[in-house]
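Undergrad: After the sequence you'll find the predicted model.
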Amino acid sequence: MLELFVYTLKIEGNDMAALSLLPPDIVQQHGLPAAAVFGEVDPRRPDMTVDGFTPNEEFLELLNNVIATHATTLESVQKQLTKVKNGPVYVVDRRTVNRGGLPPFEDILGWFAVRDGEILPDSYNPSPNYQLLSNNGPLELESELEEKLIDAVYETLEQAAES
């Protein structure tokens, strides 16, 4: 499970609380690039609720790039592929997977198009209904995808240092 860290920042005179996957020692040493910010919460509210959360579009783009690049090899995707000859195979957030039944719309990260039992190249479609934070908690990925996302977040540090 991904660990989120909260950073209180002042931007244009306003306090905000930024959530990130980067731990404090790394942020203190290298800063907090925009793409590494999961989203914002109201720093005056002690609880992290869906209503008080604003997702960061740059982080969502990073997440979707990681999924598009690496999710086709996931066991869950490959398992679906054995049952789908033509149509979509889904990448689903793990926060409600063990509850049985179909996942809620806000837990479907996106899907790949399948034709003749093969995933079409460059066919990943992010779901417009996906929520980084839902009433069931924050983003939860399969371990292989989680590792790739963390690597991508650290790459944003390297890119920020180079510019």
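TA: Everything's here; your move.

Undergrad: beta partners for the closest residue to residue 103 other than its chain neighbours?
TA: Nearest residue to residue 103 in three dimensions, chain neighbours excluded: residue 92, at 4.9 Å (C-beta to C-beta, 6 or more residues apart in numbering). Where C-beta positions appear, they are placed from N, C-alpha and C, glycine not excepted. Residues in a beta bridge with residue 92, per DSSP bridges, are residue 108.

Undergrad: give me the element the spatially most central residue of the chain is part of.
TA: Geometric centre of the chain, nearest residue: residue 63, 4.5 Å, by C-alpha atoms, centre = their mean. Element membership of residue 63, judged by DSSP states H and E, is helix 57-70.

Undergrad: Following the chain past that helix, name the next helix or strand.
TA: Taking DSSP H and E, what comes next after helix 57-70 is helix 75-81.

Undergrad: how about the CA coordinates for that next one, as PDB?
TA: Presented in PDB, the C-alpha positions along helix 75-81 are these (Å, rounded to 0.1, in the frame of the first residue of the first chain):
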ATOM      1  CA  GLU A  75      -1.700 -10.700 -13.600                       C
ATOM      2  CA  SER A  76      -5.200  -9.200 -13.300                       C
ATOM      3  CA  VAL A  77      -5.000  -7.800 -16.800                       C
ATOM      4  CA  GLN A  78      -3.700 -11.100 -18.300                       C
ATOM      5  CA  LYS A  79      -6.400 -13.000 -16.500                       C
ATOM      6  CA  GLN A  80      -9.100 -10.900 -18.100                       C
ATOM      7  CA  LEU A  81      -7.400 -11.300 -21.400                       C
END
